[in-house]
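> A structural model of the following input is requested.
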Amino acid sequence: MKLSIIIPAYNEEATIEAVVNRVAAVDLGSITKEIIVVDDASQDRTRDVLKTLRNVHTVSHSINSGKGAALTSGIKAATGDIVIFQDADLEYMPEDYPAVLEPILAGRCEAVMGSRFLHERPLFWGKRRSPYLNHYLGNLLILWTTNLLYGKRFTDYEGCYKAFSRRVLLDTSIEAKGFEFDNELVCKLMRKGIRILEVPIHYAPRTYAQGKKITWRHGLIILWTICKWRFRPAITH
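Sure, this is the predicted structure:
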């Protein structure tokens, strides 16, 4: 059994080495790991850092094309039985991999979504308060819209960790090039009746000063994507 870990990266020189090292250190027993980093035409030293890392397959874009385009390139390069998405920052913990993979390995589903909110709801007061109330409200709107349109009761569609059997990914073509890639993919899988389960994952959000990139504009595109793929008649393969 092989796991392909796809890491889209754009201007992540400060964290990419630490992320790759943590991914490599995760003990998955007999499962072998294939680490694929897709450098989406970074303008900093990300590509130079990648050249120093061992046991990493690097795919390089000549033009910055978006997170979704990077994931598409990574999926094409993947050879594993299961594929998982990993951000190039330190917001998520690779130590959660075993929990994310378990439902697929047990044959209970073909796709898994990691939920930040099954583990812990963000606080907006006190010393541990989150600075991202607007993000949380946006997440709730995306969650409510998706569950309403697709008849589901999931708790988080925007968490990074999503795992799939590679067959499911290869059978589902995605048009999105940006952050809405995950939403188009999950919406298409729900319409196709693919079994999806949620598991709790950990989350430590970074600030915009530390490189956070998603904004309210991306949220609007995500909402449009969710609605579009509910009513668009053809599901492409």
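
> CA atoms for contacts and neighbours, from now on please.
Will do.

> now Glu198, what's its secondary structure?
Here Glu198 is strand, with the state taken from DSSP: H, G, I helix; E, B strand; the rest coil.

> list the residues that contact it.
112-115, 154 (Cα atoms under 8 Å, 6 or more residues apart in numbering).

> going by distance to Ala25, which of those residues wins?
Gly114 (20.0 Å; Cα to Cα).

> helices of this structure, start to end?
For the chain, the helices defined by DSSP state H occupy 16-25, 46-51, 67-77, 97-105, 116-119, 133-150, 166-170, 181-192, 216-231.

> rewinding a little: reformat the contacts of Glu198 as JSON lines; add pLDDT.
Formatted as JSON lines, these follow (pLDDT from 0 to 100):
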{"residue": "Val112", "pLDDT": "98"}
{"residue": "Met113", "pLDDT": "98"}
{"residue": "Gly114", "pLDDT": "96"}
{"residue": "Ser115", "pLDDT": "94"}
{"residue": "Phe154", "pLDDT": "96"}
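
> what's the lowest-mean-pLDDT helix or strand in the chain packed up against?
When each helix and strand of the chain is scored by mean pLDDT, DSSP states H and E, helix 116-119 comes last, with a mean of 80. Secondary-structure packing of helix 116-119 (3 or more Cα pairs under 8 Å, 6 or more residues apart in numbering; DSSP states H and E): strand 196-200.

> the strand it packs on pairs with which strands, and in what direction?
Paired strands of strand 196-200, with direction, are strand 111-115 (parallel) (DSSP bridges).

> and for the strand it pairs with, what's in contact with it?
Under Cα under 8 Å, 6+ apart, the answer for strand 111-115 is 100-101, 103-104, 155-157, 159-165, 194-201.

> I'd like to know how far the nearest residue to Asn11 once chain neighbours are set aside sits from Glu95.
In space, and not counting its chain neighbours, Asn11 is closest to Ser42: 4.8 Å by Cα to Cα, 6 or more residues apart in numbering. Distance check for Ser42 against Glu95: by Cα to Cα, to the nearest Å, it reads 27 Å.

> the two: who's more crowded?
For Ser42 versus Glu95, the count of surrounding residues by other Cα atoms under 10 Å is larger for Ser42: 19 against 16.

> and for Ile75, the neighbour number?
21.

> I'd guessed Trp229 sits against Met190; true?
No - using Cα atoms under 8 Å, Trp229 makes no contact with Met190, being 10.3 Å away.

> higher neighbour count, those two?
The neighbour count for Trp229 versus Met190, taken as other Cα under 10 Å, is higher for Trp229 (20 against 16).

> and Glu95, what does it touch?
Per Cα under 8 Å, 6+ apart, neighbours of Glu95: 23, 26.

> one more pass at 7 Å, please.
By Cα atoms under 7 Å, 6 or more residues apart in numbering, the contact list for Glu95 reads Val26.

> and it, what pLDDT?
Glu95 is assigned a predicted lDDT (pLDDT) of 96.

> show me the contacts for the most centrally placed residue in the chain.
The residue lying closest to the centre of the chain (Cα atoms, centre = their mean) is Cys160, at 3.5 Å. Cys160 is in contact with 85-87, counting by Cα under 7 Å, 6+ apart.

> which one of those residues has the most neighbours?
Gln86 (28 neighbours).

> for that residue, give its distance to Gly178.
15 Å.

> one more: Leu223?
Here the criterion is Cα to Cα. By it, Leu223 lies 13 Å from Gly178.

> tell me, how many residues neighbour the nearest residue to Arg116 once chain neighbours are set aside?
Counting by Cα to Cα, 6+ apart, Ile201 is the residue found nearest to Arg116 once chain neighbours are left out, at 5.3 Å. Using other Cα under 10 Å, Ile201 has 24 other residues around it.
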